[in-house]
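> From the sequence below, what's the structure:
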Amino acid sequence: MLLTALSCVFFTVNSLAQFVVKPTFFETHSVSNEGVISGYEAQGGPYSIWKPDTNEFYQIGGAAPGLGIGGAARFSGDGMFLSGTDLVDIGGTTYSIMSLYDVANDQWTELGSFNYSIDDNLSSGYNISGDGTTVVGSAYVEPTPGQSGVAVHATAWTAATGLIDLGSLYTNINRSTRANDVSEDGSVIVGWQDFNGPWKSAVWRKDANGDYLPNEYLLVDPTGDPMDEYNQLGEATAVSADGNWIGGKGDYANNNEPWIWNENSGYMSLGTLAPGSTGYVTDINHDGTRVIGYFVIGPWDPNVPFIWTSTGGLQDFNDFITNTLGYSMGASPVYSPSAMSSNGEYVTGWGYDPTIGTWGDLFTFRLQMPGIPNNDGCADAIPLSCGDLVTNSTTFATDSGGNGSADVYYSYTGSGNPETITLNACGNGTNFPTTVRVFSDCTLTNQIAFNDSSCVNQPELSFESDGVSTYIIMVEGYDVNNNGNFQLQIECEVILGSNDFTDNSLALYPNPVDNLLSISGKTEISSIQVYSVTGQQLMVRELNATYGELDFSSLDSGIYFVQVNSDNKSETFRIVKK
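Here you go, the predicted model:
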């Protein structure tokens with residue numbers, strides 16, 4: 001075990017909203033669920049940790065990739081452990097070896113090798129499971145005699161098993177494999193398998209006994225030939241914490257487009273933002289609803305970074321930050337979103353800003369994204385009152401109906417009098433075209449009103465409240481590709497005549513009514529009928545008197561229409577039943 005000396009540096013970062021900039025380059029490997037970032041500054045040098053919230057940056061030892069050394073410093077889900085590679089002295093020779101870093105104790109522990117080295121490199125740690133119990137990577141192995149080349153095999157380590165050789169489909173001809181990522185519980189490992197030059201996807205899964213099965217390819221067409229290189233997806237670079245979603249690099253098998261894969265839905269291309277480029281997935285959140293990566297165009301062209309979400313699809317990462325999230329960037333543009341926390345809240349990476357220094361310079365960033373809204377589901381609708389002005393985001397909400405876009409929910413309950421309710425989700429705080437829908441309840445089967453022209457032609461939506469009912473208000477994007485931040489305002493206006501009806505000849509009171517509605521006329525009232533809002537006749541009463549009462553106690557709360565016939569004329573009154 002090697003104990004590192006902790007050196008801590010405090011520096012000034014540029015922090016605007018949820019986008020924090022470190023104005024020097026730092027190759028980021030991972031970001032924890034708490035927003036702490038790991039990586040390195042120099043090839044072969046020590047790893048470092050950056051804590052943007054406290055402006056701390058310090059080295060933790062180990063051996064960063066480069067100069068023949070492999071590996072990556074990546075956090076476990078709780079941020080207490082890191083995968084990586086460290087240096088160890090064996091018989092007077094310094095070797096690089098797969099290792100585990102304990103954050104609390106500032107201590108590296110070597111995890112072993114298969115006692116075969118190339119250029120003093122034995123093994124490398126590339127990732128760690130969310131629960132911190134499984135470290136994956138690669139190690140050199142004894143090559144098959146009589147065959148050319150050297151062999152590296154994917155590895156997995158646990159305290160119970162020690163270092164495991166995950167093998168290769170082509171051990172007999174010295175073809176290599178490597179493990180790039182592992183699920184939360186260590187049951188799914190992803191990486192690459194070499195055969196004919198280009199690295200192809202490799203997935204290792206545990207069997208019922210907890211042993212890893214031989215790796216398998218992921219296929220573009222599951223019914224096609226699994227040994228056809230044009231049907232095998234490229235290198236698998238990331239797996240979601242739940243083990244259900246795998247992402248990777250595009251190659252000639254799928255038009256070089258970044259991809260994700262699921263056992264049930266199979267292969268899905270994420271598309272492209274740069275025709276002719278090659279797309280790389282760098283990370284996936286815990287349930288596969290958020291994916292980050294970049295497109296490489298050419299050796300002298302800047303990368304085109306992307307984020308893909310299950311609700312918004314593929315978007316340019318810089319546009320996503322400034323337009324969808326509405327954040328200001330302290331430096332731009334971003335070239336590579338390198339890592340995302342398992343919970344999907346944080347993204348880190350690097351970019352190049354021409355305004356830094358005399359000639360421009362690289363910078364490192366951390367983005368903090370909004371979480372799933374608290375009112376993502378109808379059952380969690382947030383109550384509104386007249387005059388309220390609220391802000392929210394649908395960016396990471398889910399879709400539950402309407403236009404097929406992400407939506408959130410509010411509710412409004414009548415104040416006791418019939419009102420005209422006006423809703424506007426197109427204020428200054430709105431950065432995408434919205435649609436507002438009003439329903440009678442959370443079944444979402446009875447739509448009362450909606451604005452079908454978005455913010456351009458119909459920013460406001462009005463409907464009539466009966467004064468007692470609760471209405472469900474859905475805010476969503478105008479179409480499946482629209483989501484972002486919005487501002488919602490609600491205004492109310494009491495409908496004239498909603499109190500007791502009194503004119504020169506008739507009076508109906510009280511309104512709203514609990515049980516008995518009194519009807520009084522200066523002249524004889526011949527008959528009275530009560531109708532529902534749908535026109536159904538509910539009561540008929542022959543009165544032939546100047547005063548009478550109607551019993552509303554058996555009727556549900558809501559709006560009713562009372563037709564009073566008197567003196568050879570008829571008048572209809574709107575009555576609210578509490």
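
> Quickly note the distance from the closest residue to Val152 other than its chain neighbours to Asn323.
The spatial neighbour of Val152 that comes closest, neighbours along the chain excluded (C-beta to C-beta, 6 or more residues apart in numbering), is Ser176 at 4.3 Å. For every residue, glycine as well, the C-beta is placed using N, CA and C. Going from Ser176 to Asn323 by C-beta to C-beta, to the nearest Å gives 43 Å.

> what's the span of stretch 308-320 from first residue to last?
Using C-alpha to C-alpha, to the nearest Å, the end-to-end distance of stretch 308-320 comes to 10 Å.

> typo on my end, stretch 367-381
Note: stretch 367-381 ends 28 Å apart using C-alpha to C-alpha.

> about what we covered before: ok, the residue nearest to Val152 touching Ser168?
Yes - the pair formed by Ser176 and Ser168 meets the contact definition of C-beta atoms under 8 Å, at 6.4 Å.

> can you tell me how far the residue nearest to Val152 sits from Tyr140?
For Ser176, the distance to Tyr140 - C-beta to C-beta - is 9 Å.

> Overlap of the contact sets of those two?
Jointly contacting Ser176 and Tyr140 under the rule C-beta atoms under 8 Å, 6 or more residues apart in numbering are Ala151, Val152.

> Which residue of Ser176 and Asn323 possesses the greater neighbour count?
Ser176 (21 against 15; other C-beta atoms under 10 Å).

> Please report how far that one lies from Gly68.
From Ser176 to Gly68 the distance is 15 Å (C-beta to C-beta).

> same thing with Gly377?
Counting by C-beta to C-beta - Gly377 and Gly68 are separated by 52 Å.

> For Asp452, report the pLDDT, please.
Predicted confidence (pLDDT) for Asp452: 67.

> What of Glu493?
85.

> what's the answer for the one 10 residues further on, then?
What the model reports as pLDDT for Asp503 is 56.

> One more: the one 10 residues further on?
The predicted local confidence for Val513 comes out at a pLDDT of 89.

> List the contacts of the nearest residue to it once chain neighbours are set aside.
With C-beta to C-beta, 6+ apart as the criterion, Val513 has its nearest non-adjacent residue at 5.3 Å, and that residue is Phe552. Counting by C-beta under 8 Å, 6+ apart, Phe552 touches Val513, Asp514, Asn515, Leu516, Leu517, Tyr560, Ile575, Lys577.

> Tell me the most packed of the residues you listed, by neighbour count.
Ile575 (25 neighbours).

> Next, find the distance separating that residue from Asn511.
Between Ile575 and Asn511 the distance is 6 Å, computed by C-beta to C-beta.

> list residues touching both of those two?
Leu517.

> quick revisit: now the common contact residues for Ser176 and Ser168.
Ala151, His153, Asp194.

> pLDDT-wise, what's the bottom of these?
Ala151 (93).

> who's that one bridged to?
Beta-bridge partners of Ala151, counted by DSSP bridges, are Val141.

> quick one: it and Thr171 touch, right?
Yes - shown here, Ala151 and Thr171 form a contact pair, counting by C-beta under 8 Å, at 7.2 Å.

> Give me the more crowded residue out of these two.
Of the pair Ala151 and Thr171, Ala151 is the one with more neighbours under other C-beta under 10 Å, namely 22 against 17.

> Tell me, what's the model's pLDDT at the nearest residue to Ser38 once chain neighbours are set aside?
Distances taken as C-beta to C-beta, 6+ apart put Ala73 closest to Ser38, at 4.3 Å, once the chain neighbours are dropped. Note on Ala73: pLDDT of 97.

> now the strands for the stretch 251-400 of the chain?
Assigned by DSSP state E, counting those that start in this stretch, the strands in the stretch 251-400 of the chain fall at 259-262, 266-269, 278-284, 290-296, 304-309, 313-316, 334-340, 346-353, 361-368, 382-384, 389-393.

> So which of Gly377 and Gly68 has more stuff around it?
Gly377 (16 against 12).

> residues touching the more buried one, list them.
Per C-beta under 8 Å, 6+ apart, neighbours of Gly377: Thr398, Ser400, Tyr409.

> want to throw the residues you listed into CSV with neighbour count and pLDDT?
Shown next, in CSV, are the contacts of Gly377 (neighbours: other C-beta atoms under 10 Å; pLDDT from 0 to 100):
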residue, neighbour count, pLDDT
Thr398, 15, 88
Ser400, 16, 89
Tyr409, 24, 97
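
> Hmm, Ala379 is touching Cys442, no?
Yes - at 6.2 Å, Ala379 counts as touching Cys442 under the criterion of C-beta under 8 Å.

> These two: which has the busier surroundings?
When Ala379 and Cys442 are compared on other C-beta under 10 Å, the one with more neighbours turns out to be Cys442, at 16 against 8.

> so what's the spatially closest residue to the more buried one that is not a sequence neighbour scoring on pLDDT?
Leaving aside its sequence neighbours, Cys442 sits nearest to Cys378 (C-beta to C-beta, 6+ apart; 3.9 Å). On the pLDDT scale, Cys378 is placed at 95.

> now Ser465
85.

> That one reaches Gly414, doesn't it?
Yes - using C-beta under 8 Å, Ser465 is in contact with Gly414, at 4.6 Å.

> Please identify the buried residues of the longest strand seen in the chain?
The longest strand of the chain (DSSP state E) is strand 516-532. Within strand 516-532, the residues that count as buried by 16 or more other C-beta atoms under 10 Å are Leu517, Ile519, Ser520, Gly521, Ile525, Ser526, Ile528, Gln529, Val530.

> Same check on stretch 203-221?
So for stretch 203-221, counting by 16+ other C-beta under 10 Å, buried means Val203, Trp204, Lys206, Tyr212, Asn215, Tyr217, Leu218, Leu219, Val220.

> Narrow those residues to those in strands?
Using DSSP E, the buried residues of stretch 203-221 in strands are Val203, Trp204.

> What segments of the stretch 101-250 of the chain are strands?
So, for the stretch 101-250 of the chain - with DSSP E, counting those that start in this stretch - the strands run 107-112, 123-128, 135-141, 151-158, 162-167, 177-182, 188-193, 200-205, 236-239, 245-248.

> where are the low-confidence patches of the chain?
For the chain, the stretches with pLDDT under 70 are 1-17, 452-454, 496-504, 534.

> before we move on, the earlier item: can you list the strands of the stretch 101-250 of the chain in CSV and add distance to Leu367?
Output for the strands of the stretch 101-250 of the chain, formatted as CSV (distance: least, C-beta to C-beta, whole Å):
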stretch, distance to Leu367
strand 107-112, 29
strand 123-128, 21
strand 135-141, 26
strand 151-158, 31
strand 162-167, 34
strand 177-182, 21
strand 188-193, 24
strand 200-205, 28
strand 236-239, 17
strand 245-248, 19
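
> Quick one, which of these gets closest to Asn481.
With C-beta to C-beta as the criterion, Asn481 lies closest to strand 245-248 of the strands of the stretch 101-250 of the chain, at 21.0 Å.
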